[in-house]
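Chemist: Prediction below, plus the sequence it came from.
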Amino acid sequence: MGGPWRFDSAKLMRLNDPERFETLPPAVLWQAMGVPDPRVIVEIGAGTGMFASAFSALAPGATVYAVDAEPAMVEWMQSNRPEVRDGRIVPALAQATGVPLENDLADIVFMINLHHELVDPTATYLEAKRVLRPGGRILVADWAPVETPKGPPLKVRVTAETLSAHLTAAGFGDVSIHKGLAWHSLVTATRPLVLA
């Protein structure tokens, strides 16, 4: 899944910085998804599971699959996230061929700051669509092409319109751009009830 600019997993603990919630408030992301009572949530590119943990708290009846391509991230979640021991978060190692989960599983799939690392975004979004049940929702948030005090290089950042185009190319419908995040582009979309 990784692209030309990848997060250095040796800096893993940066992913647990609570300041990340200041620019990406989980409540704002949750509201944008618009799914009040999901049963299954999948995060692709979960890192240490910080957002998976936040969404697990917002949907206490849901199972959250936290998928990442880095074994160090999956191992860290297994050893350190109490929700893993409770069975509310299930870490999963992504394979070269995609997400190791069954078809039509999730009510929600989300990706936070992953798009700029993807070699083939459309292939990843097709995997997300496969994992979503018909009518399920996807949320993608990634660094916007604006100057920020931290984050990846500007050259790998994308506009919300670019994210929208990728989701549309992967066959999603009801693609919506959300405003209100100073540092990030935020887009949601729906897996159609009937696939074309």
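Modeler: Received, thanks. The structure presented is a predicted model; accordingly, all values stated were derived computationally and were not measured. Numbers count the residues shown, from 1 in each chain.
Chemist: On the strand side of things, show who the residue most central in space within the chain bridges to.
Modeler: Nearest residue to the geometric centre of the chain (Cα atoms, centre = their mean): Met111, 1.4 Å. With DSSP bridges applied, Met111 shows beta-bridge pairing to Val140.
Chemist: Do I have it right that Ala106 meets Pro134?
Modeler: No - look at Ala106 against Pro134 with Cβ atoms under 8 Å: they stay out of range, at 11.2 Å. C-beta here means a position set from N, CA and C on the backbone, and glycine is covered the same way.
Chemist: Out of the two, name the residue with the larger neighbour count.
Modeler: More crowded of Ala106 and Pro134, by other Cβ atoms under 10 Å: Ala106, with 29 against 12.
Chemist: quick one: that one and Pro152, what's the gap?
Modeler: Distance from Ala106 to Pro152, counting by Cβ to Cβ, to the nearest Å: 27 Å.
Chemist: quick one, strands of this structure?
Modeler: Listed in chain order, the strands of the chain (DSSP state E) span 40-44, 63-68, 89-93, 106-112, 132-143, 173-178, 184-190.
Chemist: In the third one, which residues are buried?
Modeler: Looking back up the chat, that one is strand 89-93. Buried residues in strand 89-93, counted by 16 or more other Cβ atoms under 10 Å: 89-92.
Chemist: Name the nearest of those residues relative to Glu75.
Modeler: Pro91 (8.3 Å; Cβ to Cβ).
Chemist: who's the closest one bridged to?
Modeler: Ala66.
Chemist: Could you report the distance from it to Gln31?
Modeler: Taken as Cβ to Cβ, the span from Pro91 to Gln31 is 26 Å.
Chemist: can you check Val84 too?
Modeler: 26 Å.
Chemist: now for the buried residues of strand 89-93, which pair is the farthest apart?
Modeler: Taking Cβ to Cβ as the measure, the buried residues of strand 89-93 have their most distant pair in Ile89 and Ala92, spaced 10.1 Å apart.
Chemist: Give me the common contacts of these two.
Modeler: Overlap of the contact sets of Ile89 and Ala92 (by Cβ atoms under 8 Å, 6 or more residues apart in numbering) consists of 65-66.
Chemist: Please enumerate the helices of the chain.
Modeler: 20-23, 26-33, 50-58, 71-80, 82-85, 121-131, 160-169 (DSSP state H).
Chemist: Mean pLDDT, distance to Leu186 and mean neighbour count for those helices - can I get that in TSV?
Modeler: Formatted as TSV, those follow (pLDDT from 0 to 100; distance: least, Cβ to Cβ, whole Å; neighbours: other Cβ atoms under 10 Å):
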stretch	mean pLDDT	distance to Leu186	mean neighbour count
helix 20-23	92	11	15
helix 26-33	95	6	17
helix 50-58	96	13	21
helix 71-80	94	23	16
helix 82-85	94	24	15
helix 121-131	94	15	21
helix 160-169	97	7	18
